[in-house]
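A.B. asks: here is a sequence together with a model predicted from it:
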Amino acid sequence: MNKVHNNKAWFLILPMLLLVAFSAIIPLMTVVNYSVQDVFDANTRFFTGTEWFQTMLNDPALQSALFRQFAFSFTILAIQVPLGIGIALMMPKRGWQASAVLILITLPLLIPWNVVGSIWQIFTRGDIGLMGWGLRELGYNYNITRSPVDAWATIILMDVWHWTPLIALLCYSGLRSIPEAYYQAARIDRASKWAVFRYIQLPKLTNVLVIGILLRFMHSFMIYAEPFVLTGGGPGSSTTFLSQSLTTMAIGQQDLGPSAAFSLIYFLIILLVCWVFYTAIMNMQKENVKGGY
């Protein structure tokens, strides 16, 4: 029996394609156009080729910002992924306790990004902030406006508080999707808790971990509002990340050509790292499939 293909169904996704073209493709092409030109005003511009790309790649300030960005993203991933998995494993599976925990753990995700920065800015003040006052009472001279170490630790702690619940919720949904028969078979085989996690739970979490890791990397690599509100990029430039550098260049200095080239490099770095993460996790999943407890 021959299957009948109805090509009219493509018209159903036409509005979405037009929306994507309007909101993503056209702006991207505009950025590409600016990245190869030296723009003076609306009617005066000169073709520069790859000059802006070479300038951005050799800029020491941007290289430092890129290093800080990678350090921040990898640090929060190293903290949030294991912590999110651990929280998901400890969360109750059913009953009113499960509903209460889900509501409480979701609350940080509902707070807008700039408000998070404002909350932690007050929280870390030595005069009225609980954290800042408590650390000073313990004898630690805590000051995020003067100490880069304090500023970095606070931004990482703030991001862990704000976004670890996302990883935990994704892992929780993955754990709830595992059939009870898997656990029954593990109990019959007298598998240890580590074996259950290694060969049953972790492989079943791979798909949600891919989503969680990619989302967290992309957001952390593009973070702007929280550190800008909390530290303003200081002290000095110790917490100035790529997004803030790009915003300053594009809006503050009106350097459209260099900022366009910079944004394309930024975009390609995110795509490349996401591809590396995806490939590594998928290879890990294949290895888990070959194993057994």
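C.D. replies: Received it, and whenever you're ready, just let me know what you need.
A.B. asks: mean confidence for the helix or strand containing residue 121?
C.D. replies: For residue 121, the host element (DSSP states H and E) is helix 113-123. Mean pLDDT, helix 113-123: 89.
A.B. asks: show me what it is packed up against.
C.D. replies: Packing contacts for helix 113-123, counted by 3 or more C-beta pairs under 8 Å, 6 or more residues apart in numbering; DSSP states H and E, involve helix 130-137, helix 148-176, helix 225-230. In short, each C-beta sits where N, CA and C put it, glycine included.
A.B. asks: residue 276 is nearest to which of those helices?
C.D. replies: Residue 276 lies closest, by C-beta to C-beta, to one member of these: helix 148-176, at 19.0 Å.
A.B. asks: in that closest one, what counts as buried?
C.D. replies: 150-152, 154-160, 162-172, 174-175 (16 or more other C-beta atoms under 10 Å).
A.B. asks: same list (the helices and strands packed on helix 113-123) but as JSON lines, adding mean pLDDT and distance to residue 198.
C.D. replies: Formatted as JSON lines, the helices and strands packed on helix 113-123 follow (pLDDT from 0 to 100; distance: least, C-beta to C-beta, whole Å):
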{"stretch": "helix 130-137", "mean pLDDT": "88", "distance to residue 198": "37"}
{"stretch": "helix 148-176", "mean pLDDT": "93", "distance to residue 198": "14"}
{"stretch": "helix 225-230", "mean pLDDT": "89", "distance to residue 198": "35"}
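A.B. asks: export those to CSV and tack on distance to residue 123?
C.D. replies: Shown next, in CSV, are the helices and strands packed on helix 113-123 (distance: least, C-beta to C-beta, whole Å):
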stretch, distance to residue 123
helix 130-137, 5
helix 148-176, 9
helix 225-230, 10
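A.B. asks: in the stretch 151-293 of the chain, which spans are helices?
C.D. replies: According to DSSP state H, counting those that start in this stretch, the stretch 151-293 of the chain carries its helices in the segments 180-188, 193-196, 202-221, 225-230, 242-247, 256-290.
A.B. asks: where does the stretch 1-150 of the chain dip in pLDDT?
C.D. replies: 1-7, 40-43 (pLDDT under 70).
A.B. asks: what are the boundaries of the helices in it?
C.D. replies: 14-20, 26-35, 51-57, 60-90, 96-106, 113-123, 130-137, 148-176.
A.B. asks: and the contacts of the fifth one?
C.D. replies: Judged by C-beta atoms under 8 Å, 6 or more residues apart in numbering, the contacts made with helix 96-106 from elsewhere in the structure are 87, 91, 92, 165, 168, 169, 172.
A.B. asks: can you get me a residue count around the closest residue to the last one other than its chain neighbours?
C.D. replies: Spatial nearest neighbour of residue 172, chain neighbours left out: residue 88 (4.3 Å); criterion: C-beta to C-beta, 6 or more residues apart in numbering. By the other C-beta atoms under 10 Å criterion, the neighbourhood of residue 88 contains 22 residues.
A.B. asks: what's near enough to touch residue 88?
C.D. replies: Contacts of residue 88 (C-beta under 8 Å, 6+ apart): 167, 168, 169, 171, 172, 174, 175.
A.B. asks: please repeat the previous calculation with a cut-off of 10 Å.
C.D. replies: 105, 167-176, 201, 205, 208 (C-beta atoms under 10 Å, 6 or more residues apart in numbering).
A.B. asks: give me the buried positions along the helix holding residue 121.
C.D. replies: Under 16+ other C-beta under 10 Å, the buried positions of helix 113-123 are 116, 117, 119, 120, 121, 123.
A.B. asks: now tabulate these in CSV and tack on distance to residue 216.
C.D. replies: Formatted as CSV, these follow (distance: C-beta to C-beta, whole Å):
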residue, distance to residue 216
116, 15
117, 18
119, 20
120, 18
121, 23
123, 22
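A.B. asks: need the contact list for residue 85.
C.D. replies: Per C-beta under 10 Å, 6+ apart, neighbours of residue 85: 167-168, 170-172, 174-175, 197, 201-202, 205, 209, 212.
A.B. asks: one more: residue 114?
C.D. replies: Neighbouring residues of residue 114 by C-beta under 10 Å, 6+ apart: 224, 225, 226, 228, 229.
A.B. asks: contact partners for the first one?
C.D. replies: Counting by C-beta under 10 Å, 6+ apart, residue 224 makes contact with 113, 114, 117, 241, 242, 243, 244, 246, 247.
A.B. asks: grab the nearest non-local neighbour of residue 218.
C.D. replies: Per C-beta to C-beta, 6+ apart, closest to residue 218 is residue 270, 5.9 Å.
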